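In: Next comes the sequence, and after it the predicted model I'd like to discuss.
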Amino acid sequence: MFNYIIARTPCKALIDGISSADDGKPNYELAMKQHLAYLDALRMCGVEILLLPPLENYPDSVFVEDPALCTKHCGIVTRPGADSRRGEIDSIEPALHRFYGDNVERIEAPGTLDAGDVMMVGDTFYIGLSARTNAEGANQLVVILEKHGLTGRLVTMEKVLHLKTGLAYLEDGNLLAAGEFVDKPEFSHLNIIEIPESESYAANCIWVNGNVIMPSGYPISESKIRDLGYNVVTVDTSEYRKVDGGVSCMSLRF
């Protein structure tokens, strides 16, 4: 059960966000409309939203999932792997203190960690080793988690930007998986719902209080999720896909 969401209004510099896609630059006006619809979808799930102001000096700052990790016992300020995103942590930390008081931890140099590489399954947090999250950052996170009675497990990955690019845990033992994650032994104890390669972008979605919010336009994946008994809410994230973003990237849920 999630009670709170932290999100951030997209800045106009979003059009210059980090991108590996060939879809052109985002349309800022359309991105704003899509973000408002995304927030509306979250509100329908019965959560309280703290909406932070835009950070014009940080094009990717709408993706609040990366500079912070929220657990049931503590908030963690990460150290993003992209140099251009490091400054975002100074503005996300006060929001964490608002909810967690003094129970806020921090990843320190030379560790790097994007929380988009971290997936929570109960009290276990799977941490993907990626271009953005190094072993030092991942191991620091494991130590922090264990300090608070939680567990961290490292996952090797080769083909995607973030762990949650290809995975989404939907609670109840159900795991959406695409590409290299379908056969990962770390997840063999879960019910794997395979997302077809043609719809791999749909693997990045979020469970919020019995609802699954997912990107629109992926009928095979949507049908598989509905068949599991979830209420599915689709949102258009076309402008965020152009800067390597997805549904999970734009909120902290706790």
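Out: Thanks, I have it. Numbers count the residues shown, from 1 in each chain.
In: what about the longest helix in the chain?
Out: Taking DSSP state H as the criterion, the chain has its longest helix at helix 28-43.
In: for the record, mean pLDDT for stretch 129-145?
Out: Average pLDDT, stretch 129-145: 97.
In: And that stretch, how far out from the chain middle?
Out: Stretch 129-145 has its C-alpha centroid displaced from the chain centroid by 16 Å (CA atoms, centre = their mean, to the nearest Å).
In: Let the chain start at 627 from now.
Out: Taking 627 as the first residue, the last one we looked at is stretch 755-771.
In: what residues does it touch?
Out: Applying CB atoms under 8 Å, 6 or more residues apart in numbering, the contact partners of stretch 755-771 are 692, 695, 697, 700, 702, 704-708, 731, 733-734, 736-740, 742-744, 751, 753, 777-783, 786-789. Where you see a C-beta, it was placed from the backbone N, CA and C, and this is true even at glycine.
In: Flag every buried residue along it.
Out: Going by neighbour count (16 or more other CB atoms under 10 Å), the buried part of stretch 755-771 is 755-756, 758-760, 762-764, 766-768, 770-771.
In: Same check on stretch 806-817?
Out: Across stretch 806-817, burial judged by 16+ other CB under 10 Å covers 807-808, 810, 813, 816.
In: Kindly format the C-alpha coordinates of that stretch as PDB.
Out: Listed in PDB are the C-alpha atoms of stretch 806-817, where the atom choice follows Å, rounded to 0.1, in the frame of the first residue of the first chain:
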ATOM      1  CA  GLU A 806      17.300 -10.300 -20.900                       C
ATOM      2  CA  PHE A 807      15.300 -10.500 -17.700                       C
ATOM      3  CA  VAL A 808      12.800 -13.200 -18.700                       C
ATOM      4  CA  ASP A 809      15.200 -16.000 -17.800                       C
ATOM      5  CA  LYS A 810      17.200 -14.400 -15.000                       C
ATOM      6  CA  PRO A 811      17.600 -17.000 -12.200                       C
ATOM      7  CA  GLU A 812      17.300 -14.300  -9.600                       C
ATOM      8  CA  PHE A 813      13.600 -14.000 -10.400                       C
ATOM      9  CA  SER A 814      12.800 -17.700 -11.000                       C
ATOM     10  CA  HIS A 815      10.700 -17.800  -7.800                       C
ATOM     11  CA  LEU A 816       8.300 -15.300  -9.100                       C
ATOM     12  CA  ASN A 817       5.400 -15.600 -11.600                       C
END
